[in-house]
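In: Let me see the structure of the following:
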Amino acid sequence: MTRVLMTALATVTALALTTGTAVAAPADPGSASLTGGATAAVERKAPLPSEVFTVTDRLAEQVAGALAYKAVRERAVAATAAGDADLAAFASGTTLDGAVRAANQDVLAAKALPLNGGSLLRVRLAEPSMRAALARGEAPLVAAAPTDDEPAPITAYDSLGGKVSLDPAKVPKRPVLVVDVDVAKALPLGLQVTRDALAARGLVAAKPSGAQVKAAGGYWATKVNAVRLKDDKEPWIKGDAEIFSVVGGFGLDGKATINIVQMPYLDNDNTTYYPNQLLVHYSAYKYNLADVVMMEDDGDTNYLALAQAIATALLTIIDAGVYIPLVNGILSAMPNSWWTDDPDYVDSWYTLATTSSGHLNGASGNGWMEVSPYWVPEL
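Out: Sure thing, here's the model as predicted:
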């Protein structure tokens with residue numbers, strides 16, 4: 001998404017990550033690549049929380065090497081014919097299996113996700129237009145999706161171990177397989193990590209008692225009727241966006257509090273979506289006001305660090321008896337790297353109210369929402 005230049009101040013705790021071994025590409029040709037073949041263990045350095053791309057880039061090179069064998073190429077064509085493919089399933093029974101499993105554990109650790117969080121790595125065709133060339137036997141390149149939106153040449157690998165530099169603004173004619181994180185799988189896990197970490201710091205709003213809601217007959221919410229984001233300027237190799245919103249207000253106890261709302265339908269820029277999604281639930285707030293910070297996860301987010309940054313900001317904000325917007329506090333806490341890709345700042349909306357209605361432009365001009373008040377009746 002289009003970025004806003006801001007100064008960020010925050011420190012986050014580094015995580016201790018696990019180590020393991022990777023498996024090299026097969027030494028023997030032919031179908032042996034699907035049954036084991038010769039393998040060689042290589043030393044693998046554990047990634048830091050910002051090194052998801054290091055893991056996926058190394059794995060892309062290994063996948064490219066395995067494509068030297070016809071059986072693996074045929075499997076790649078079949079796996080990506082209908083769309084994205086789980087990389088663990090693709091590698092099962094091949095000499096890539098160990099490398100993929102080790103890389104997946106590294107990615108889980110780097111994103112502060114549970115190590116039993118399942119398979120997060122995928123392989124996909126960069127553009128649907130490349131499918132015909134791949135099906136007729138043209139040898140594909142393999143690249144890792146970058147986790148930085150700054151325009152830069154894309155490094156892809158061929159089956160002979162060579163590197164090819166690709167223009168990020170121009171779709172290549174040769175088919176390209178992309179190795180990256182399936183953020184649609186990772187985001188729900190990560191947001192739960194974030195919610196749990198915020199709750200441990202007392203930053204998740206306590207729900208009103210059933211008696212309070214019953215006495216009122218329900219409560220007011222803000223419903224998103226339509227939403228649209230501008231051109232994200234991202235390179236062709238990137239997949240769909242994964243958007244979530246950090247909704248902030250003051251809880252019933254007067255403390256700054258956060259609710260995180262996933263918006264999984266917001267895949268593409270310059271597209272209007274009509275979700276009819278409830279974004280703000282005012283029953284959890286002292287004031288009938290809230291702020292929204294919309295963000296995008298492109299795959300490199302460390303969710304525990306995200307929670308720590310938000311907590312650092314909100315724990316310093318005191319209820320002074322009048323509503324204080326929380327957007328600036330949240331944004332000022334984000335580390336500098338989070339203004340490039342992990343996660344991306346998309347836009348923000350100040351001081352939504354129970355009466356908010358109509359077309360609301362984001363403060364950064366990168367998106368708009370059409371909202372309306374919505375009464376949630378007591379069951």
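
In: switch to C-alpha atoms for all contacts and neighbour counts from now on
Out: Fine.

In: domains of the protein?
Out: When the chain is parsed with automatic domain parsing, its domains come out as 21-181, 184-377.

In: So, low pLDDT: which residues of the chain?
Out: 1-50, 148-151, 205-215, 231-234, 333-343, 379 (pLDDT under 70).

In: redo that, cut-off 80
Out: By pLDDT under 80, the low-scoring segments of the chain are 1-51, 147-151, 204-216, 231-235, 239, 241, 298, 330-344, 378-379.

In: Can you show me the helices along it?
Out: Applying DSSP state H to the chain gives helices spanning 52-66, 70-80, 87-91, 97-110, 131-135, 183-200, 210-216, 303-314, 327-332.

In: before we move on, the earlier item: include mean neighbour count when you put the domains of the chain into JSON lines, please.
Out: Shown next, in JSON lines, are the domains of the chain (neighbours: other Cα atoms under 10 Å):
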{"stretch": "domain 21-181", "mean neighbour count": "20"}
{"stretch": "domain 184-377", "mean neighbour count": "19"}
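
In: so how far is residue 306 from residue 53?
Out: Residue 53 sits 18 Å away from residue 306, going by Cα to Cα, to the nearest Å.

In: Can you give the distance from stretch 73-86 to the centre of its chain?
Out: 23 Å (Cα atoms, centre = their mean, to the nearest Å).

In: could you dump it to CSV, C-alpha only?
Out: The C-alpha coordinates for stretch 73-86 follow below in CSV (Å, rounded to 0.1, in the frame of the first residue of the first chain):
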residue,chain,number,x,y,z
ARG,A,73,8.7,-30.4,-13.0
GLU,A,74,5.6,-32.4,-13.8
ARG,A,75,4.6,-32.3,-10.2
ALA,A,76,5.1,-28.5,-10.1
VAL,A,77,2.8,-28.1,-13.2
ALA,A,78,0.1,-30.3,-11.6
ALA,A,79,0.4,-28.6,-8.2
THR,A,80,0.0,-25.1,-9.5
ALA,A,81,-2.5,-25.7,-12.2
ALA,A,82,-5.5,-24.7,-10.1
GLY,A,83,-3.8,-22.1,-8.0
ASP,A,84,-1.7,-22.0,-4.8
ALA,A,85,-0.2,-25.3,-3.6
ASP,A,86,0.9,-26.2,-0.1
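
In: backbone phi and psi for the residue nearest the centre of the chain, please?
Out: Nearest to the mean C-alpha position of the chain, counting by Cα atoms, centre = their mean, stands residue 297 at 2.7 Å. Dihedral pair for residue 297: phi -100, psi 120, per degrees, to the nearest 10.

In: Distance check, it against residue 121.
Out: Taking Cα to Cα as the measure, residue 297 falls 15 Å from residue 121.
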